[in-house]
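[1] here is a sequence with its predicted model. Questions after.
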Amino acid sequence: MKYLLLLCLPLLLSGCYSFTGTNISPEVKSISITNFNNASGQGPSNLQQFVTEDFKDYFQRNTNLRILPQAGDLQIEGQILSYTFSPAAIQRSDIPTGSNIGLDQAGANRLTIVVQINYTDTKNPTNNFDQSFSGFADFPPSLDINQISQAQIRQITERIIYSVFTKTVANW
């Protein structure tokens, strides 16, 4: 009897909890993620391509939804609004200037990416939203914006994708 209960426990739990952390209605079967537009005009030339592909890959890995080119039950449209590289922490250098006061220098530089998401849930329109999501990473002041690797940029976009994922299908 004890073994029968242990065998049935996963079946009982699967009805009330999703082990992937998603909260997707059983009637939702597909998602469409359109190609992102880079409205910022900044960043690597393939930024919009790998952001779009990373979104698709993440949703495919973490849900059972079929990815469609358009007209999915869930629809994500996005554009990259901002790709900015700016000083993140200003510090005074010990190098005296003519007035015997040190210079203000960047202690770190920050790359910030902002993405606008228009989300449509065709099965439950109360879940629809149009919202911006941002992510950033700090880099040493000696690193130029052109020296930032695609892997480092992807770390930022992964945070954005995770935020969008939790807002859309995880409902956290």
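    Arrived safely, thanks for sending. Bear in mind that the values here come from a model prediction, so they are computed numbers and not experimental data.
[2] isn't residue 83 up against residue 115?
    No: contact between residue 83 and residue 115 fails when scored by CB atoms under 8 Å: they sit 9.8 Å apart. Every C-beta, even on glycine, is put in place using the N, C-alpha and C of the backbone.
[3] out of those two, which sits in the busier spot?
    Between residue 83 and residue 115, counted using other CB atoms under 10 Å, the more crowded position is residue 115 (26 against 21).
[4] which SS class is that one?
    Following DSSP: H, G, I helix; E, B strand; the rest coil, the label given to residue 115 is strand.
[5] distance of it relative to residue 159?
    Using CB to CB, to the nearest Å, we find residue 115 at a distance of 11 Å from residue 159.
[6] measure stretch 61-81 end to end?
    The straight-line separation of the ends of stretch 61-81 (CA to CA, to the nearest Å) is 26 Å.
[7] please renumber the chain so that the first residue is 6 from this point on.
    Got it, first residue is 6 now, which makes that one stretch 66-86.
[8] just the buried positions in that stretch, please.
    Buried residues in stretch 66-86, counted by 16 or more other CB atoms under 10 Å: 67-68, 70, 77-86.
[9] and the residues you listed, which of them are in strands?
    Among the buried residues of stretch 66-86, DSSP state E puts 79, 80, 81, 82, 83, 84, 85, 86 in strands.
[10] which of the residues you listed lies at the shortest distance from residue 49?
    Set against residue 49, the nearest of those by CB to CB is residue 85 (11.1 Å).
[11] hey, what's the closest one bridged with?
    residue 43, residue 120 (DSSP bridges).
[12] out of the ones in strands among the buried residues of stretch 66-86, who's nearest residue 62?
    Using CB to CB, these come closest to residue 62 at residue 81, 13.1 Å.
[13] cool, thanks, talk later.
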